[in-house]
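> how would this look folded up:
(2 chains)
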Amino acid sequence: MRRREFLGLAGAAVASTLAGSLTSCGSAGSAGSGPIKIGLVVHKTGPYADTGRMMSMGAKLAVDAINSAGGIKSLGGNKIQLVEEDAGATVESAISAMNRALSQGIIAGVGTGISSATIAITELAERRKITWTDVAFADELTDRGFKYTFATSPKTSEFTNLFSEAIDTLAQTAHVDVTRIGIIAGINDVAVQAAKEIKSTYADKYGWSVVLDETVPEGSLKDAAPLVSKIASSQPQLLFVGPAISDIALISKGQVQQGMTPVPWVLSGAPFLSGAFVDALGAKAANGTFAVAASGVYKGESRKIADKIRAAGDDYPQEYHLSTYAEFFLLADAMERAKSRDSTKIRDAMAETDMRGGPASVWPAQRMRFDEDGRAVDRQAALVQWQQTKTVTVYPEQLATGKTIWPTLA
Amino acid sequence: MVLIQALVNGLLIGAVWGVLGLGKQIVLGVIHFVNFAHGHLVLLGMYLTLFAWITTGADPFLLLPVVAIAMVILAFILDRLLVRRLIKLGERSQMIATIALALVIENAALLIAGPQPRTLQNSWSDKAVQLGGVYLNAGRLMGLAIAILAFVVTWWIITKTPLGVMIRATSQNRAAAQYMGIDIGRVYAYAFALSVALAGVVGSLYVVSTPVDPSTAWTFLILMFIVPVLGGLGSIAGTFLAGLIVGVLQLLSTTYFDIQLQDALVYGVFVLFLVVRPQGLFGRAADQRQVSV
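This next block holds a predicted model:
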């Protein structure tokens, strides 16, 4: 390629990027009548695509339910129109997706379910005064003083506290002595923070020696053999945090191939509670795995919502479906009370949310309110375990739907 | 022992990269077609093997010829619709069109198979052979044997068959080959079909021990260019050797350095080659480029 041709192509690329940015600056999306556009920016491609699939299913079911119940009555019964954009595999692609959603006139939104991308797109939402809610965990999400960001989940620091405490308590109850742990984390805000806190706080607190500490870019592992050799030589009893599902599958298979009993996982998020996890690992290897979740099927309407998800084709209703479903109801409720499409009024109504039961039954407290930072007041995490091909909440005791089955420790 | 295990595992995965490079070499070094969708054709091979296995329950290695034949048929369709037009249009058009093709394949996979990683749960991937304390994954070991067979067959086609003579002649001097009565269009079609069949073989070998999702194809993007260039453009033997070297470098990286640096050593050696020996291991200077063995 000649220099002039290269410069021509580069110029065209810059021009198209600028054009996209200018387009996205064009509309505030708060005025007018007609359908009420709510954005859903989720990862439909890349290593987190399964979370996007689940969130999309939850969103569509919620929008159908809201619209078939008469839409937003205080806004003349106008229906919600879902504006769905693919956040792709990177933070940059998530920002592009957010710009595309904004350019279509959304007045509120949900997504991405993955902290690093949500942190980035909520910067745009804040600037454009668009009320945004998500299930992502990162502490930073609500520690920035933003007014338009609402997080329905506990913070990463709270999740890390919960699963560390849970493993210690459950091990003591079962008279299992956990002394050596390994950390294999992905490269994302939640995983990095969780790994850091385990090393700096919880390992000392619970008497665990961290014998393996590795970071794996999600979905990048081509051969698990070197990692398996490190696991074999360091001999952790449990592996904490976790990279992508495909990486975990490779690591588990790699251990079997080298004649080892796979070391059980304690995983830092709900992506590992999907059917894809069992498909990738196989039921035998997945059995006994622990993972944390911010929402689940507890009682009341959450069971009906779970039935809808099953009827829509997913046998494993979990946090990503359930929280997204309920978050659309939170936004609909805020718009109903705001009686306006004005972004400031919707935000103020969202801040005053107090939803009990109904869709809020997907959260452990059966209630959703937000503190002044925009984080759920009654937030609580739960530790869930794969038992055969079912997920069972095992901790805390008041949420437990079954007893822990201790996997064979390495 | 750790070093020996890393070297052995490197050779096992490297054989797969060798076949990946061979397929790319045929189009890049022989018909000079810039195909950014080659990794996505491997992805197609992975899904074809997976779904054939789900449907029939047959041994995934027995399904390999079926996948290869399906890929050859696809190659002839792509040749008619796309490749022969793009060859006339030049490298820039080839680059843009094949990136578009890659995106079409990826999104079709997303639509049909869904975004979740899928694993071919087979006995090969769970079995290992132990030799003096070194574990050899049965699936990868079988993969090595098939990769060597693929290399030998490719080498035989290129060096011992009339088609190979035509491919080499076209590679050396397209105009002269045409004057000698060689149907250039047909040579390109067969060469592209061979390349796509090899992509299918890589897909079948890789999916036996690795989960597949629609984004898996990007794993091959850099490797599929590094291997043939490192081996020497136009060199069949050099490409396969380069695949083995890349595999060993990756495994040494992940064994002795951080896993995040698994490709760093490969890139480092590649850059070194570009500076010290830009024609690659067995390649010739640009003005003498031709298919060699």
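
> so how far is B:Ser215 from B:Val201?
As for B:Val201, its distance to B:Ser215 is 21 Å (criterion: CB to CB, to the nearest Å). Using the backbone N, CA and C atoms, a C-beta is placed for each residue, glycine as well.

> These two - which one has more neighbours?
Shown here are B:Val201 and B:Ser215; by other CB atoms under 10 Å in any protein chain shown, B:Val201 has more neighbours (30 against 24).

> Which helix or which strand is home to the more buried one?
helix B:184-207 (DSSP states H and E).

> what's that helix packed up against?
If contacts are counted by 3 or more CB pairs under 8 Å, 6 or more residues apart in numbering or on different chains; DSSP states H and E, helix B:184-207 sits against helix B:2-25, helix B:38-56, helix B:64-78, helix B:84-89, helix B:138-160, helix B:162-172, helix B:174-179.

> Pull out the CA atoms of the first one and give them to me as PDB.
Pointing back at helix B:2-25 there. Provided in PDB are the C-alpha atoms of helix B:2-25 (Å, rounded to 0.1, in the frame of the first residue of the first chain):
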ATOM      1  CA  VAL B   2       8.800 -29.200  33.500                       C
ATOM      2  CA  LEU B   3      10.900 -28.100  30.500                       C
ATOM      3  CA  ILE B   4      10.400 -31.400  28.700                       C
ATOM      4  CA  GLN B   5       6.600 -31.300  29.400                       C
ATOM      5  CA  ALA B   6       6.500 -27.700  28.000                       C
ATOM      6  CA  LEU B   7       8.500 -28.700  24.900                       C
ATOM      7  CA  VAL B   8       6.300 -31.700  24.200                       C
ATOM      8  CA  ASN B   9       3.100 -29.800  24.700                       C
ATOM      9  CA  GLY B  10       4.600 -27.000  22.500                       C
ATOM     10  CA  LEU B  11       5.200 -29.500  19.700                       C
ATOM     11  CA  LEU B  12       1.700 -30.900  20.000                       C
ATOM     12  CA  ILE B  13       0.000 -27.600  19.700                       C
ATOM     13  CA  GLY B  14       2.600 -26.400  17.300                       C
ATOM     14  CA  ALA B  15       1.700 -29.100  14.800                       C
ATOM     15  CA  VAL B  16      -1.800 -27.600  14.700                       C
ATOM     16  CA  TRP B  17      -0.300 -24.200  14.100                       C
ATOM     17  CA  GLY B  18       1.800 -25.700  11.400                       C
ATOM     18  CA  VAL B  19      -1.300 -26.900   9.500                       C
ATOM     19  CA  LEU B  20      -2.900 -23.400  10.100                       C
ATOM     20  CA  GLY B  21       0.200 -21.900   8.500                       C
ATOM     21  CA  LEU B  22       0.100 -24.300   5.600                       C
ATOM     22  CA  GLY B  23      -3.400 -23.300   4.700                       C
ATOM     23  CA  LYS B  24      -2.500 -19.700   4.900                       C
ATOM     24  CA  GLN B  25       0.700 -20.200   3.000                       C
END
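
> That helix versus helix B:64-78: what angle between them?
Going by axes from the mean of the first three to the mean of the last three CA atoms, to 10 degrees, helix B:2-25 is angled at 40 degrees with respect to helix B:64-78.

> how far out from the middle of the chain is the helix or strand where B:Ile245 lies?
Assigned by DSSP H and E, B:Ile245 belongs to helix B:236-256. From the chain centre to the centre of helix B:236-256 is a distance of 14 Å (CA atoms, centre = their mean, to the nearest Å).

> Over it, what's the mean pLDDT, rounded is fine.
Averaged over helix B:236-256, pLDDT sits at 91.

> what sits against A:Ala334?
Counting by CB atoms under 8 Å, 6 or more residues apart in numbering or on different chains, A:Ala334 touches A:108, A:131, A:346, A:349-350, A:353.

> Secondary structure added to these, as CSV?
As requested, the contacts of A:Ala334 are exported to CSV (DSSP: H, G, I helix; E, B strand; the rest coil):
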residue, secondary structure
A:Ala108, strand
A:Thr131, strand
A:Ile346, helix
A:Ala349, helix
A:Met350, helix
A:Thr353, coil
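
> Of those residues, which is the nearest to chain B?
A:Ala108 (25.2 Å; CB to the nearest CB).

> check contacts around the residue nearest to that closest one when sequence neighbours are not counted.
Counting by CB to CB, 6 or more residues apart in numbering or on different chains, A:Thr131 is the residue found nearest to A:Ala108 once chain neighbours are left out, at 4.4 Å. Counting by CB under 8 Å, 6+ apart, A:Thr131 touches A:107-109, A:125, A:148, A:150, A:331, A:334, A:343, A:346-347, A:350.

> rerun at 10 Å
Residues in contact with A:Thr131, defined by CB atoms under 10 Å, 6 or more residues apart in numbering or on different chains, are A:38, A:106-110, A:125, A:147-150, A:330-331, A:334-335, A:338, A:343-351, A:374.

> Go ahead and build a ChimeraX selection from the buried members of these.
Buried residues among those (16 or more other CB atoms under 10 Å in any protein chain shown), as a ChimeraX selection:
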select /A:38,106,107,108,109,110,125,147,148,149,150,330,331,334,335,338,343,345,346,347,348,349,350,351,374
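
> what sits against A:Ser295?
Applying CB under 10 Å, 6+ apart to A:Ser295 gives the contacts A:135, A:152-153, A:270, A:302, A:317-327, A:360-364, A:379-382.

> got it, and B:Ser93?
For B:Ser93, the contact set (CB under 10 Å, 6+ apart) comprises B:34, B:85-87.

> next one: A:Lys284
Counting by CB under 10 Å, 6+ apart, A:Lys284 has contacts A:252, A:256, A:262, A:278, A:388, B:121, B:126.

> circling back: how about the helices and strands packed on helix B:184-207, which one is nearest A:Ala400?
For A:Ala400, the closest of the helices and strands packed on helix B:184-207 is helix B:38-56, at 36.1 Å, according to CB to CB.

> send the alpha carbons of that closest one over as CSV?
C-alpha atoms of helix B:38-56 as CSV (Å, rounded to 0.1, in the frame of the first residue of the first chain):
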residue,chain,number,x,y,z
HIS,B,38,-8.8,-17.9,7.2
GLY,B,39,-9.2,-18.0,11.0
HIS,B,40,-12.9,-17.9,10.6
LEU,B,41,-12.8,-20.8,8.2
VAL,B,42,-11.1,-22.7,10.9
LEU,B,43,-13.9,-21.6,13.2
LEU,B,44,-16.3,-23.0,10.6
GLY,B,45,-14.4,-26.3,10.7
MET,B,46,-14.7,-26.4,14.5
TYR,B,47,-18.4,-25.9,14.4
LEU,B,48,-18.9,-28.4,11.6
THR,B,49,-17.0,-31.0,13.5
LEU,B,50,-18.9,-30.2,16.7
PHE,B,51,-22.3,-30.4,15.1
ALA,B,52,-21.4,-33.5,13.1
TRP,B,53,-20.4,-35.1,16.3
ILE,B,54,-23.6,-34.0,18.1
THR,B,55,-25.6,-35.4,15.2
THR,B,56,-23.8,-38.7,14.6
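
> Fine by me, we can end here.
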